[in-house]
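1. Output the structure for:
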Amino acid sequence: MLPIRRAARSQLRHLPPYSRLPVSISSRQHAFTTLRPQLISPPTRRTVDRPTILHTRFASTTPATPTIPTTPITPTTVATAANDKIHIKPRRRWVHYLQRSLAYFGLTVLVSGGLVGAFFAYDASTYRDSPGTFDIPVSEYALNPQRGGPKNLPIAEYFVSDDEPEFRDQKHKPKLVILGTGWASVALLKQLQAGGYHVTMVSPSNHFLFTPMLPSATVGTLEFRSLVEPIRRVVRKARGHFIKASAVDVEFGEKLIELESMGADGTMDRFYLPYDKLIIGVGSTTNPHGVKGLEHCHFLKDISDARHIRNQIIRNLETACLPTTSDPERRRLLSFVVSGGGPTGVEFAAELYDMLNEDLCRYYPRLLRNEISVHVIQSRGHILNTYDEALSQYAEKHFAHDQVDIQTNARVKEVQADRILYSQKTDDGQVVTKELPMGFCLWSTGVSQTDFSQKLAAKLGSNQTNKHALETDTHLRLNGTPLGDVYAIGDCSTVQNNVSDHITSFLRTLAWEKGKDPSAMQITYADWRQVAKRVKSRFPQAADHLKRLDRLFEQYDADKSGNLSFGELSELLKQIDNKLTSLPATAQRADQQGIYLGRKLNKLAHAAPGLLINDVSDGDIDEAVYKAFDYRHMGSLAYIGNAAIFDFGGFSFGGGLLAVYLWRSVYFTQSVSLRTRVLLAMDWGKRALFGRDMMNY
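-> Have a look, this model is predicted:
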């Protein structure tokens, strides 16, 4: 086709101007379509001389009005039409991209503007012009409580909010009182079904504290408000009441709790609060271990402690920058000591090192960075001794790389205003006394009972033998109190391991029923299986020690008689008792106890009408309604300074920033509400963009 077009163009050049008049597009398309088969495979063509073409085309027209020829279209005419076709230029690519970008930009502006407008509309709806008050009937006993009890104090039987619409239904339900706003109490409150009880929460703190992230707040990585949740918001969802007061004593016989709070005139007022079921979750305090000088130390149990620590750290840094501070005094001010190598002490040391290493040189003289020292004093052979040994060694190597001094096998003897004295066992077994200059000391060495818990333990006498926590049975009922009335959960409690005593009493009852002497009774393997089944149901934490029943039976069958005597079985159960350890004082355990007790209380509330109809008020109702508490260790994790370690019961690992993000993700998901999750994410982002706030207030 191309040679034909070239020939047509060469002929058209010799034609007069009027012979190259434009033709319509439809004529061109018709001509090209008609002659296309001929152009592809041309037969013998008829040619016409140029004068004849001109004569034929313009014979019947005047020169003033040229027309399109009516003669058959020749290849020359087709070439002319093809040469005169319209060319449409393609749109350039950058213009296309520019248009799409402008469209996306406009859509983004439109959506963002809509969201901003919706936010301001919602914000405007939160303002109220009218007070929104309405009349509510209030009981006279709520305004003027009756007095009574052993100390003739006011008894708060009714509240001023009992007649509000959402509280009216449970006004006469059993009174459930929860002492404390910790992990266990909040987990229980969130698990309770609204309407089953008349719920009242009592605590001197009106917030819930997310304790695992508390070390991050001491150095400004997280803000204080990001770790607390208003407790009234949680209580309101459960249709409960909140009283900001401290528990002083409990009258178990009359079911009265003695509370103390600050009155309107600034004096401390005391009153009674009645209960049908009492939940004690008052937490614990730091164990002093009888060391002198702890008034010079800081503790880390509450949000106020974190604020005091943060102020003290910044104060030391500012004082070290003064021109009047001597070199020895500057090194003392910049010596930070942590007593205790557990998770809290290790994470605080890691957060402190991060702050000094990442943000100090931005705002303070670089000389301070060279003179700062961080020390950790641990009484055991390794820090994080409850973790896998490989993880403990990994943490120690990481701290050694970061120049954090670890003093193991050391015990603090005395804390002075400017130094700390400790004894340490050397490799050859000798004990030497050392001292460290100290400008700041954190005391983090285990937990101990609060004054309130100690008073209850003393009142219950021989039923409470543990000096560090209140003892409960496997249903979390406080030992020594009326069955099913008082429970203890969280750090203030521990589950008593009395497997041998319980099964021994069971065997005595079984022997008496059969008319046999318990001391002469023989237990066969079939009987032993029944005993082990009862142990597992009553003490779930003993299940791991009873996996191989046949092996245990054979091991303690000393005379190989095929039977276990009463003495042999008692020895077996005592060994199981020794292997059972106390539950750890962690947020994980407290959360599981709160969830367990909340579910059991729901079951008891559902079963209450049937028990009332059948006049069932005695016996072990808890065991009949719900199973015993079974603690499941989900693993341990700790932050060690731009790295983290994880111990999940046989599967353990440690790593750098990826492990840190995993560590943050775990605690992010465990946060109590969406509000705190958003604040945590904002704080982590703010630290990455702007660093930590090096301020004290």
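2. can I get the CA coordinates of the helix or strand harbouring R330 in CSV?
-> Assigned by DSSP states H and E, R330 belongs to helix 327-333. C-alpha atoms of helix 327-333 as CSV (Å, rounded to 0.1, in the frame of the first residue of the first chain):
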residue,chain,number,x,y,z
ASP,A,327,33.2,17.1,90.1
PRO,A,328,32.7,14.6,93.0
GLU,A,329,29.3,15.9,93.7
ARG,A,330,28.3,15.8,90.0
ARG,A,331,29.4,12.2,89.8
ARG,A,332,27.3,11.4,92.9
LEU,A,333,24.2,13.1,91.6
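3. What is the subsequent helix or strand relative to it?
-> Downstream of helix 327-333 (by DSSP H and E), the next one is strand 335-339.
4. which secondary structure elements does that following strand contact?
-> Counting contacts by 3 or more Cβ pairs under 8 Å, 6 or more residues apart in numbering; DSSP states H and E, strand 335-339 packs against helix 343-358, strand 373-377, strand 431-437, strand 440-443. No exception for glycine: its C-beta is placed from N, CA and C like everyone else's.
5. Give me the contact list for stretch 442-455.
-> The contact list for stretch 442-455, computed with Cβ atoms under 8 Å, 6 or more residues apart in numbering, reads 246-249, 280, 282-289, 294, 297-300, 309, 336-340, 342, 344-345, 348, 379, 415, 457, 467-470, 491-492, 585.
6. got the helices and strands packed on strand 335-339 as JSON lines, with mean pLDDT and mean neighbour count columns?
-> Below are the helices and strands packed on strand 335-339 laid out as JSON lines (pLDDT from 0 to 100; neighbours: other Cβ atoms under 10 Å):
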{"stretch": "helix 343-358", "mean pLDDT": "92", "mean neighbour count": "23"}
{"stretch": "strand 373-377", "mean pLDDT": "94", "mean neighbour count": "23"}
{"stretch": "strand 431-437", "mean pLDDT": "92", "mean neighbour count": "13"}
{"stretch": "strand 440-443", "mean pLDDT": "96", "mean neighbour count": "23"}
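7. can these go into JSON lines with extra columns for distance to V666?
-> Below are these laid out as JSON lines (distance: least, Cβ to Cβ, whole Å):
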{"stretch": "helix 343-358", "distance to V666": "13"}
{"stretch": "strand 373-377", "distance to V666": "24"}
{"stretch": "strand 431-437", "distance to V666": "34"}
{"stretch": "strand 440-443", "distance to V666": "24"}
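8. Which one of these lies nearest to K171?
-> helix 343-358 (42.6 Å; Cβ to Cβ).
9. so how far is the helix holding R330 from its chain's centroid?
-> Here helix 327-333 is found 39 Å from its chain centre; the criterion is Cα atoms, centre = their mean, to the nearest Å.
10. Look up which residues are beta-bridged to A410.
-> Residues in a beta bridge with A410, per DSSP bridges, are Q424.
11. give the contact list for it.
-> Applying Cβ under 8 Å, 6+ apart, we find A410 in contact with I377, Q378, S379, Y422, S423, Q424, K425, K434.
12. if we can go back for a sec, which ones among the contacts of stretch 442-455 map onto helices?
-> Judged by DSSP state H, the subset of these located in helices is I309, T344, G345, F348, A457.
13. Test my guess that R687 contacts A217.
-> No: assessed by Cβ atoms under 8 Å, R687 is found out of contact with A217, at 11.9 Å.
14. Between these two, which is the more surrounded one?
-> The neighbour comparison of R687 against A217 (other Cβ atoms under 10 Å) goes to A217, with 26 against 19.
15. Who's the closest spatial neighbour of that one, skipping the chain neighbours?
-> Closest residue to A217 apart from its sequence neighbours, by Cβ to Cβ, 6 or more residues apart in numbering: A306 at 4.4 Å.
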